[in-house]
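Enquirer: give me a 3D structure for the following:
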Amino acid sequence: MNIKHIVIDVDGTLTDSGVYYDNHGNELKKFSTKDAAGFFIAHAAGIKW
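Expert: Numbering: from 1, shown residues only. Below you'll find the predicted structure:
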């Protein structure tokens, strides 16, 4: 198998749908560290981003 690209949608897929705001009003979203681990495994397997 020769995977060249991974296409994902992160809004509500890799997040808990939580939205946070910092002291300057910037919107922040929290990601699951378990979901992020998949990106690092894919990168270690040679998939580039």
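Enquirer: from here on, just use CA atoms for contacts and neighbour counts.
Expert: OK.
Enquirer: tell me the strands beside the strand ranked longest in the chain, with direction?
Expert: Looking across the chain with DSSP state E, the single longest strand is strand 15-21. Using DSSP bridges, the strands paired with strand 15-21 in its sheet are strand 27-31 (antiparallel).
Enquirer: following the chain onward from the strand it pairs with, which element is next?
Expert: helix 33-44 (DSSP states H and E).
Enquirer: name the helices or strands packed onto that next one?
Expert: Judged by 3 or more Cα pairs under 8 Å, 6 or more residues apart in numbering; DSSP states H and E, helix 33-44 is in contact with no other helix or strand.
Enquirer: just to revisit the earlier point, tell me the angle the longest strand of the chain makes with helix 33-44.
Expert: Interaxial angle, strand 15-21 versus helix 33-44 (axes from the mean of the first three to the mean of the last three Cα atoms, to 10 degrees): 110 degrees.
Enquirer: quick one: contacts of strand 15-21?
Expert: Here strand 15-21 makes contact (Cα atoms under 8 Å, 6 or more residues apart in numbering) with 11, 27-32.
Enquirer: could you pull up the mean pLDDT of that strand?
Expert: Over the span of strand 15-21, the pLDDT mean works out to 80.
Enquirer: how far does that strand sit from the chain's center?
Expert: Offset of strand 15-21 from its chain centre (Cα atoms, centre = their mean, to the nearest Å): 13 Å.
Enquirer: next one: stretch 29-46
Expert: 7 Å.
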